[in-house]
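Q: coordinates only, sequence not included:
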């Protein structure tokens, strides 16, 4: 059958917002082929999230599972706490990544 057209960064972001809002995700950045506009039908989706180290273990797995089920695509999910601050991958994210979600400050914490 027809292969569905590849999703854009904007579409991906819009679909993921409801999922991110249920988790302590401060920011999500798309990088790799989807951010560069060069994905193929076999590309996975590279996603970096900043959770201030608040997303651990089963919660991390749960978030990843929900995103995979939502988009029906393989996702490489990187949390800021998993990466060295001077790593090559972080440099690529900072240089070429597209911010697809950012939690607004007013509704994050009230304490």
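A: Here it is on my side, so go on. No experiment lies behind these values; they were computed from the predicted model shown.
Q: find the residue closest to residue 76 in space, skipping its chain neighbours.
A: Nearest in space to residue 76, with sequence neighbours left out and distances taken as C-beta to C-beta, 6 or more residues apart in numbering, is residue 46 at 5.0 Å. C-beta: built from backbone N, CA, C; applies to glycine.
Q: for the one you found, what are its contacts?
A: 30, 31, 32, 33, 34, 35, 75, 76, 78 (C-beta atoms under 8 Å, 6 or more residues apart in numbering).
Q: count of residues packed around the second one?
A: By that I understand residue 31. Other residues within reach of residue 31, judged by other C-beta atoms under 10 Å, total 23.
Q: residues touching it, list them.
A: Counting by C-beta under 8 Å, 6+ apart, the residues that residue 31 touches are 46, 47, 48, 92, 93, 96, 97, 98.
Q: go again with 7 Å.
A: By C-beta atoms under 7 Å, 6 or more residues apart in numbering, the contact set of residue 31 is 46, 48, 92, 93, 96, 97.
Q: angles on the backbone of the nearest residue to it once chain neighbours are set aside, please.
A: In space, residue 31 comes closest to residue 97 once its chain neighbours are excluded; the distance is 4.1 Å by C-beta to C-beta, 6+ apart. Phi and psi for residue 97, reported as degrees, to the nearest 10, are phi -70, psi 160.
Q: do I have it right that residue 97 meets residue 30?
A: Yes - taking contact to mean C-beta atoms under 7 Å, the distance of 6.3 Å between residue 97 and residue 30 places them in contact.
Q: who has more neighbours out of these two?
A: With neighbours defined as other C-beta under 10 Å, residue 97 and residue 30 compare such that residue 30 has more, 25 against 21.
Q: would you say that one is within a strand?
A: Yes - counting by DSSP: H, G, I helix; E, B strand; the rest coil, residue 30 falls inside a strand.
Q: good, we can wrap up now.
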